[in-house]
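> based on what follows, work out the 3D shape:
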Amino acid sequence: RQLVARRTLRVEPGGLANGDIELDDSLRAGTYLLRAYTNWMRNQGPSFFYQRQLQVWPAAPKDSDAGGTAATPARPAAQKVVASKVDVQFFPEGGSLVAELPAVVGFKAQAATGRGATISGQVLDAQNKPVGAAFKSQHLGMGRLSFTPAAGQRYHARVTLADGTNADYPLPAVQPSGYSLH
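All right, here's what the predicted structure looks like:
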């Protein structure tokens, strides 16, 4: 680690400062760390500093056909997100699935775009036998299901996605004792 550039900026009323940092042409290409902080932030320690990694690319040679300027390639056209890339998370009320106690489990299905995904499914045990009622998402990919987990059993949800494909998602492990809320 070596300091490449330092710049002190005046903080304007309202708490904002703006400026730029000119990098020397001889700076090697690579990943650099930009840190920004105020004196007050220094009192709190480095965990309070703003930090961001920046990628620095090599400068175009002055004697090139580009005359020292680099061409910026056109941005590729937006691509469709594949519907089958869905993240499903399960949240037992009370924090865990407790053996032999009725459980209510909230879930959230999220597409690769970050938006809620429409799903339906069934909870299955380790032998792929259905337990509890079938479920489906309600609003923004969220919903709930209920079943009574058995001691020592592992469960997963077989989920049908909007495009008709199926995927299996594990549920949290069953705890031998504890508390359950519903």
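
> now the residue most central in space within the chain: how far from G30?
When C-alpha atoms, centre = their mean is applied to the chain, the residue found nearest the centroid is G114 (8.6 Å). For G114, the distance to G30 equals 31 Å [C-beta to C-beta, to the nearest Å]. No exception for glycine: its C-beta is placed from N, CA and C like everyone else's.

> ok, now H139?
Going from H139 to G30 by C-beta to C-beta gives 46 Å.

> those two: which has the busier surroundings?
G30 (10 against 7; other C-beta atoms under 10 Å).

> who touches the residue lying closest to the more buried one once chain neighbours are set aside in this structure?
Nearest residue to G30, sequence neighbours excluded (C-beta to C-beta, 6 or more residues apart in numbering): V56, at 6.0 Å. With contact set as C-beta atoms under 8 Å, 6 or more residues apart in numbering, V56 has these partners: L23, L27, R28, A29, G30, T31, Y32.

> my read is that the first one contacts V4, right?
Yes: checked against C-beta atoms under 8 Å, the pair L23 and V4 is within contact range at 7.2 Å.

> picking that back up, for the residue nearest to the centre of the chain, helix, strand, or coil?
Put simply, G114 is coil when judged by DSSP: H, G, I helix; E, B strand; the rest coil.

> how about it, phi and psi?
Phi and psi for G114, reported as degrees, to the nearest 10, are phi 90, psi -10.

> kindly state the pLDDT recorded for it?
Here the pLDDT value assigned to G114 is 86.

> Q55 now?
For Q55, pLDDT reads 85.

> which residues does it bridge with?
Note on Q55: beta-bridge partners by DSSP bridges are T31.

> neighbours of it, how many?
Q55 is flanked by 8 other residues according to other C-beta under 10 Å.

> touching, it and L33? I think so.
No: the pair Q55 / L33 is not scored as a contact, 11.3 Å apart, by C-beta under 8 Å.

> so where's this structure shaky on pLDDT?
59-84, 181-182 (pLDDT under 70).

> please enumerate the helices of it.
Along the chain, the segments classed as helices by DSSP state H run 39-44.

> ok, now how distant is the closest residue to A29 other than its chain neighbours from R28?
Excluding its sequence neighbours, the residue lying closest to A29 (C-beta to C-beta, 6+ apart) is P58, at 4.3 Å. P58 sits 8 Å away from R28 when distances are taken as C-beta to C-beta.
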